[in-house]
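K.L.:
Here is a sequence with its predicted model. Questions after.
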Number of protein chains: 2
Amino acid sequence: MRSSRKTPDLAPKKRPVQDRSRETFEALVTACTGLLPRRGYASTTTNHIAARAGVNVASLYEYFPGKDAIVAQVAERLVQRVLARLEEGLPRVMSARRADAVRRWIELIHDTVSREKELVSVFLHQVPYTNQIPAIEAIGERLLRFSQQVRERAGGFVRADFSEASMHLVINLVSSTILQSVLDPPRDVSRRDLLDELVRWVEERIRA
Amino acid sequence: MRSSRKTPDLAPKKRPVQDRSRETFEALVTACTGLLPRRGYASTTTNHIAARAGVNVASLYEYFPGKDAIVAQVAERLVQRVLARLEEGLPRVMSARRADAVRRWIELIHDTVSREKELVSVFLHQVPYTNQIPAIEAIGERLLRFSQQVRERAGGFVRADFSEASMHLVINLVSSTILQSVLDPPRDVSRRDLLDELVRWVEERIRA
DNA sequence: GGCTAATCCAAGCAACTGCTCGGATTGCTC
DNA sequence: GAGCAATCCGAGCAGTTGCTTGGATTAGCC
């Protein structure tokens, strides 16, 4: 545990070129992905990761400068998966009746996050340098672009005077509500009710 | 670093009874409070805390069963401070014109969180057991009670059919927006604009 | 097949972690 | 001030951490 306050090295050291090493690389990332949710960030050590991957620790340090880098790699894969699933589900959203576009969009995000909730929780509440990971930094903008597609689909009935601040609020509301309902669901309200209300809010706010 | 997945002991081991030991206790908590923001959770060790408090490590373990417990104690103090400042600022909110109540309330919360942003960030993004700390678990309800006071002050023009889900959304929106504007302010929108828009949203949503 | 570079691994080190022990010192009570 | 509990501390242990070294093994290429 040397990190203290230093900015960690997050980039992989070197890319594997042969097939054998690519497998090792993948095995390491996969092992780390599996370990993080069940052991937590602090207790997921490089030795554990290597052991679980059936590989020697030294091989890990062949490809990653340290623990931070492999964790960052796991985050990048996570972002990739999430974005891919959103992309995959987008047609279903776009093909919906206009009135249902927002609801479908929110449900899609919810389901996608839900599948990865354990990992998301770790990165959100344990990894100290989560928002320094490039892929994480970029995800906001990526999501914005997605939302604009939905918005265009919703077409005519989106208000023209949609300020930057207003946009931020919508995104805040959607993401925080979905995260809460997935990671720490309130006892006194069903998820159904919560999401229903969320859809209503967003629609009212977005409509011209 | 033994914790892995075990539930940590968060209660202090024993309360100091003499003056001298009470000072030691305070010095330890203070030292930890100062250390957490600048070293981060993982690198804040019991040895560091004791050293900075000018006290031997053994004394730390006299009063706390472990690192988790002293960190939890810091969290409790933090919650106390925040609630106290809200309480302190409440009169100014309540004495405002009705139309300004919401704005004043939100500004008060923002300023209060802002003063403790470093600590808040640590507990939010690094400490793995933050929401298991009793004081943290209770803070939601405490805030709700505060808000209800403001709501009553706002009096007649609060809608009657204010569903549980709707309440959750308001709280989500306010807290997540304030946290974002304090911990990770967006580049393309000024804080002023963001908070202004937030006030507008909440008012529109709350009004009958 | 032979050569070079890529890849792997057994072993283990130095640093640091949370934590404990025995005894010394201090304050309280009478 | 005697006696006793509360409090403190020097010293250090056992376990774990992230990481390295030197040499063995393998794959790719002529």
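P.N.:
Perfect, thanks for sending it.

K.L.:
in chain A, which ranges drop under the pLDDT threshold?
P.N.:
A:1-6, A:12-17, A:19-20, A:153-161, A:208 (pLDDT under 70).

K.L.:
which is the next helix or strand following the helix or strand where A:Gly140 lies?
P.N.:
For A:Gly140, the enclosing helix or strand under DSSP states H and E is helix A:134-154. Per DSSP H and E, the first helix or strand lying C-terminal to helix A:134-154 is helix A:164-183.

K.L.:
any idea of the angle the next helix or strand after that next one forms with helix A:134-154?
P.N.:
Using DSSP H and E, the next helix or strand after helix A:164-183 towards the C-terminus is helix A:191-206. Using axes from the mean of the first three to the mean of the last three C-alpha atoms, to 10 degrees, one finds that helix A:191-206 and helix A:134-154 are set 70 degrees apart in direction.

K.L.:
Can you point out the buried residues in helix A:191-206?
P.N.:
Neighbour-count burial for helix A:191-206 flags A:191, A:193-195, A:197-199, A:201-203, A:205-206 (criterion: 16 or more other C-beta atoms under 10 Å in any protein chain shown). (C-beta placed from N, C-alpha, C; glycine too.)

K.L.:
farthest pair in those?
P.N.:
Taking C-beta to C-beta, the two most distant members of these are A:Arg191 and A:Ile206; they sit 22.0 Å apart.

K.L.:
Looking at the buried residues of helix A:191-206, which one is closest to B:Pro65?
P.N.:
Nearest member of the buried residues of helix A:191-206 to B:Pro65, counting by C-beta to C-beta, is A:Arg191, at 36.8 Å.

K.L.:
Quick one: neighbours of the residue lying closest to that closest one once chain neighbours are set aside, just the number.
P.N.:
Among residues not flanking A:Arg191 along the chain, A:Ser181 sits closest, at 5.1 Å (C-beta to C-beta, 6 or more residues apart in numbering or on different chains). For A:Ser181, the neighbour count with other C-beta atoms under 10 Å in any protein chain shown is 22.

K.L.:
Assess the claim that A:Ser181 and A:Asp196 are in contact.
P.N.:
No. Counting by C-beta atoms under 8 Å, A:Ser181 does not reach A:Asp196; the two are 11.3 Å apart.

K.L.:
who does the helix holding A:Gly140 touch, helix- and strand-wise?
P.N.:
When contacts are defined as 3 or more C-beta pairs under 8 Å, 6 or more residues apart in numbering or on different chains; DSSP states H and E, helix A:134-154 packs onto helix A:67-94, helix A:98-115, helix A:164-183.

K.L.:
Determine which stretch of these is the most buried.
P.N.:
Most buried of the helices and strands packed on helix A:134-154 by mean neighbour count (mean count of other C-beta atoms under 10 Å in any protein chain shown) is helix A:164-183; its value is a mean of 20.

K.L.:
Name the next helix or strand downstream of the strand or helix carrying A:Ile49, please.
P.N.:
Here A:Ile49 sits within helix A:46-52, counting by DSSP H and E. Where DSSP H and E defines the elements, the next helix or strand beyond helix A:46-52 is helix A:57-63.

K.L.:
In CSV, please show the C-alpha coordinates belonging to that next one.
P.N.:
The C-alpha trace of helix A:57-63 is given here as CSV (Å, rounded to 0.1, in the frame of the first residue of the first chain):
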residue,chain,number,x,y,z
VAL,A,57,2.6,-12.7,-9.9
ALA,A,58,5.6,-11.8,-11.9
SER,A,59,3.6,-12.2,-15.1
LEU,A,60,1.1,-9.7,-13.7
TYR,A,61,3.9,-7.2,-13.3
GLU,A,62,5.0,-8.0,-16.8
TYR,A,63,1.9,-6.3,-18.1
